[in-house]
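Novice: Provide a 3D model corresponding to the input given below.
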Amino acid sequence: MDLERRQVFYSGRVQGVGFRYTTRKIANNYAVTGFVQNLPDGRVELNVEGTTEELQAFLQAIDERLANCIRSTAVDRRPPTGEFHTFRIRH
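Specialist: Numbering: from 1, shown residues only. Okay, here's the model as predicted:
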């Protein structure tokens, strides 16, 4: 099973609207690990690892569920590190 990693930056109305909590709830439905956190510049950062199929489905679910909040998304593919064991919110 080949794992991949995505680092995603969301901008728009993504802080103070439950974005991180909704993302964590969505993650519970997928075989993904990683974290989501607010950034000081108003964006939200997501680092997530899983198979290609799980990552695509997870990210699509976020886009569909939170479309009203997201103005833009920047996705970077990175090599997986295996450092995550769960999906959580970083504070």
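
Novice: residue nearest the centroid of this structure?
Specialist: L46 (3.7 Å; Cα atoms, centre = their mean).

Novice: next SSE after the host helix or strand of Y10?
Specialist: Using DSSP states H and E, the element containing Y10 is strand 4-12. Per DSSP H and E, the first helix or strand lying C-terminal to strand 4-12 is helix 19-27.

Novice: Residues contacting stretch 29-46, please?
Specialist: Stretch 29-46 is contacted from outside by 5-11, 14-15, 19-20, 23-24, 27, 47-51, 54-55, 57-58, 61-62, 84-91, using Cβ atoms under 8 Å, 6 or more residues apart in numbering. (Glycine included, C-beta is placed from N, CA and C.)

Novice: Counting neighbours, which of the residues you listed end up buried?
Specialist: Among the contacts of stretch 29-46, those scoring as buried are 5-6, 8-11, 14-15, 19-20, 23, 27, 47-50, 54-55, 57-58, 61-62, 84, 87 (criterion: 16 or more other Cβ atoms under 10 Å).

Novice: I'd say I89 and T22 touch.
Specialist: No. Look at I89 against T22 with Cβ atoms under 8 Å: they stay out of range, at 10.6 Å.

Novice: hey, what's E4 bridged with?
Specialist: Beta-bridge pairing for E4 (DSSP bridges): G50.

Novice: oh, I was asking about F9
Specialist: Under the criterion used here (DSSP bridges), F9 is bridged to E45, A74.

Novice: Look up how far A61 lies from it.
Specialist: Separation of F9 from A61 (Cβ to Cβ, to the nearest Å): 18 Å.

Novice: just checking, next helix/strand downstream of the helix or strand hosting V48?
Specialist: In this structure, V48 sits in strand 44-50 according to DSSP H and E. Once strand 44-50 ends, the next helix or strand along the chain (criterion: DSSP H and E) is helix 52-65.

Novice: counting contacts, what elements does that next one pack onto?
Specialist: strand 4-12, helix 19-27, strand 44-50, strand 70-78 (3 or more Cβ pairs under 8 Å, 6 or more residues apart in numbering; DSSP states H and E).

Novice: Report the inter-axis angle for that helix versus helix 19-27.
Specialist: 130 degrees (axes from the mean of the first three to the mean of the last three Cα atoms, to 10 degrees).
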